[in-house]
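> Just need the structure, nothing else, for what follows:
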Amino acid sequence: METKDKSASNRKDKNSNILSRRKFIRNTSLVFAGITILPRHVLGKGFIAPSDKINLGVIGLGKQGNILSNKFLSNTGVQIIAGADVWNSKRTFFKNNLENLYAKHRNLSSFKGVDTYLDYNNLLNQKDIDAIIVATPDHWHAIQSIDAMNAGKHVYCEKPLTNTIAEGRAIADTVLKTNTIFQTGSMQRSWAKFITAKEIVSSGKLGEIKKVLVNVGDPARTYDLPTEPIPNGLDWNKWCGPAPLIGYNDKIAPKLVQKYPDWRDYKETGGGLLADWGAHMFDIAQWCLNMDHTGPVKFIPPKNTTAKRGLKMFYENGIEMVHEDFGRKWGVRFIGTKGTMDVSRGYLETTPASILKDAINVDLEFIMKNQGNHYQNWIDGIKTNKQPICHAEIGHRTATVCNAANIAYELGETLIWNPEKEKFKGNKQANKMRKRKNRTY
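Presented below is the predicted three-dimensional model:
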């Protein structure tokens, strides 16, 4: 999906300065060969004039927010100028860490210029921000992404895109309404090994694909951690936001920035590892099968209602996809009439081996190591006004597979899904679970 090219003067933007600035950004070359307003010795080593830059804000300053910030740090065509988080300590860490790293990268004695906010809406109101990175827990993704787009900002949102099916549709529709550039953080689409896997399937070298096995983690479960005292400097009510007001526990919202949280495991705030890693591996299956704008039409859960593997999904063309552990950690196995292919972050193998050998003209070691640049792909999209490799509709369709799978596991019933209407046939409870009433906070 690509939005139609429009000049900046046609965009609905209240601020004329932003209008002219964005027009300049889109018309500059991808090599950033733009105009320099100030002398480079004033701006610092490798610094590009402010008129050339795309200014970024980050919502969610925990571990993933800082990881994503680092992905843009050495890119002289962008500047991270603000962040928002409900933790006082994480805002302080983000500001100090980023300013120190900018000073180091630019060979400056010091650097100041990163603002932080408790309320992300204040960040969105900052007129000189062009684009937003959303790195909060899943239950916040839709609200913050939509608010950002309605504020005229482009969005990079972490995967899985949303915690409910209806939220994903709302995001995709808002992209079209606002003509913003949206990238979902399913970055494996930019990695050489997965691009190669896509080419192998599309070329027919595996023959007709009959079955796909996807090995990812468990479905979401109900939150059950014991309540602990809320740490000083954390606005827990805002952290929960639209989700139910659950009791605080350090495991789902750790004090340490460097620690991965467990909120992913629980349906109130995430989709389980089924969705967390499914947003990577089901995404690759969808991509390779050319199902980016649709999805499975039938979900059949295992007869054992306590089982955490064994869900079968069927596409309209008859291809079967199974949530199954095939013994190689998280990954995807494609089974065709001429051979099979296993792909993950650590392997890319075919049986027979000649399929892979005949498919590539470069060193396999290079393919395995080359992770592309999912982040620059988004920036390039902003500059050219074209949607990137994993735009909102793709992110929504992949998240829908994950969310529908969670619903099937929870209900323990066979579900018939209509990808066009985005409704389950004849199941009121499943349809009710496509969305969730947000809490007033």
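
> switch to C-alpha atoms for all contacts and neighbour counts from now on
Will do.

> Would you mark the buried spots in whatever helix or strand Gly395 lives in?
Here Gly395 sits within helix 392-411, counting by DSSP states H and E. Neighbour counts over helix 392-411 (16 or more other Cα atoms under 10 Å) mark 392-410 as buried.

> what about Gln183, helix or strand, and which?
Going by DSSP H and E, Gln183 is part of strand 182-184.

> which helices and strands does that strand pack with?
Helices and strands touching strand 182-184, by 3 or more Cα pairs under 8 Å, 6 or more residues apart in numbering; DSSP states H and E, are strand 154-157, helix 392-411.

> elements contacting the last one?
Applying 3+ Cα pairs under 8 Å, 6+ apart, one finds that helix 392-411 contacts helix 165-178, strand 182-184, helix 272-276, helix 278-288, strand 298-300.

> now with 6 Å?
Helices and strands touching helix 392-411, by 3 or more Cα pairs under 6 Å, 6 or more residues apart in numbering; DSSP states H and E, are helix 165-178.

> now what about the helix it packs on, what contacts it?
Helix 165-178 has contacts (Cα atoms under 6 Å, 6 or more residues apart in numbering) with 142, 162, 392-393, 396, 400, 434-435.

> Would you mind listing the buried residues in it?
165-172, 174-176, 178.

> from the chain's centre, how far out does it sit?
Here helix 165-178 is found 14 Å from its chain centre; the criterion is Cα atoms, centre = their mean, to the nearest Å.

> Just want the angle from that helix to helix 392-411.
Angle of helix 165-178 versus helix 392-411, following axes from the mean of the first three to the mean of the last three Cα atoms, to 10 degrees, is 170 degrees.

> And the average pLDDT for helix 165-178 is what?
Helix 165-178 comes out with an average pLDDT of 98.

> helix, strand or coil for Lys357?
What DSSP: H, G, I helix; E, B strand; the rest coil gives for Lys357 is helix.

> now it: how far from Ala392?
Distance of Lys357 to Ala392, given as Cα to Cα, to the nearest Å: 34 Å.

> likewise Pro261?
Distance from Pro261 to Ala392, counting by Cα to Cα: 25 Å.

> Please apply the same query to Asp363.
According to Cα to Cα, Asp363 and Ala392 sit 33 Å apart.

> ok now do the closest residue to Ala408 other than its chain neighbours, which residues does it touch?
Sequence neighbours aside, Pro301 is the residue nearest to Ala408 in space, at 6.0 Å (criterion: Cα to Cα, 6 or more residues apart in numbering). Contacts for Pro301 (Cα under 6 Å, 6+ apart) come out as 311, 409, 412.

> List the contacts of the second one.
Spelled out, it's Tyr409. By Cα under 6 Å, 6+ apart, the neighbours of Tyr409 are Pro301.

> returning to that earlier point: could you tell me the model confidence score at the residue nearest to Ala408?
We have a pLDDT of 98 for Pro301.

> try Ile360
Model confidence at Ile360, given as pLDDT, is 82.

> Can you classify Val214 as helix, strand or coil?
strand.

> Run through the residues that contact it.
323-324, 332.

> one more time with 7 Å
Val214 is in contact with 281-282, 322-324, 331-333, counting by Cα atoms under 7 Å, 6 or more residues apart in numbering.

> Narrow those to those in helices?
281-282 (DSSP state H).

> could I get the contacts of Val214 as CSV with distance to Cys240 and neighbour count?
Putting the contacts of Val214 into CSV (distance: Cα to Cα, whole Å; neighbours: other Cα atoms under 10 Å) gives the following:
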residue, distance to Cys240, neighbour count
Met281, 28, 27
Phe282, 27, 27
Val322, 33, 21
His323, 30, 24
Glu324, 32, 21
Gly331, 32, 27
Val332, 33, 29
Arg333, 37, 25
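
> quick one: the helices in the stretch 1-150 of the chain?
Secondary structure of the stretch 1-150 of the chain by DSSP state H, counting those that start in this stretch: the helices cover 16-27, 40-43, 63-73, 88-105, 120-124, 138-150.

> most packed of those helices?
Of all the helices of the stretch 1-150 of the chain, helix 138-150 has the most neighbours on average by mean count of other Cα atoms under 10 Å, namely a mean of 22.

> what does the model give Ala33 for pLDDT?
So Ala33 comes in at 31 (pLDDT).

> pLDDT weak spots in the protein?
1-51 (pLDDT under 70).

> Need the buried residues of helix 165-178 in JSON lines (columns: distance to Ser69).
Shown next, in JSON lines, are the buried residues of helix 165-178 (distance: Cα to Cα, whole Å):
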{"residue": "Ile165", "distance to Ser69": "28"}
{"residue": "Ala166", "distance to Ser69": "29"}
{"residue": "Glu167", "distance to Ser69": "25"}
{"residue": "Gly168", "distance to Ser69": "24"}
{"residue": "Arg169", "distance to Ser69": "27"}
{"residue": "Ala170", "distance to Ser69": "26"}
{"residue": "Ile171", "distance to Ser69": "23"}
{"residue": "Ala172", "distance to Ser69": "24"}
{"residue": "Thr174", "distance to Ser69": "25"}
{"residue": "Val175", "distance to Ser69": "23"}
{"residue": "Leu176", "distance to Ser69": "26"}
{"residue": "Thr178", "distance to Ser69": "25"}
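
> wait, which of those residues is closest to Ala243?
Sorting these by distance to Ala243 puts Glu167 at the head of the list, at 13.2 Å, by Cα to Cα.

> Can you give me the distance of that closest one to Val216?
Separation of Glu167 from Val216 (Cα to Cα): 23 Å.

> Repeat that for Leu225.
Relative to Val216, Leu225 is positioned 23 Å away (Cα to Cα).

> what do you get for Lys238?
Going from Lys238 to Val216 by Cα to Cα gives 30 Å.

> Compare those two (neighbour count), which wins?
The neighbour comparison of Lys238 against Val216 (other Cα atoms under 10 Å) goes to Val216, with 25 against 16.

> give me every residue that touches that one.
Each residue near Val216 by Cα under 7 Å, 6+ apart is listed here: 273-274, 277-278, 330.

> got a winner among the residues you listed for most neighbours?
That'd be Gly278 among these, by other Cα under 10 Å, with 32 neighbours.

> my guess is that one meets Cys402, correct?
Yes - using Cα atoms under 7 Å, Gly278 is in contact with Cys402, at 6.2 Å.
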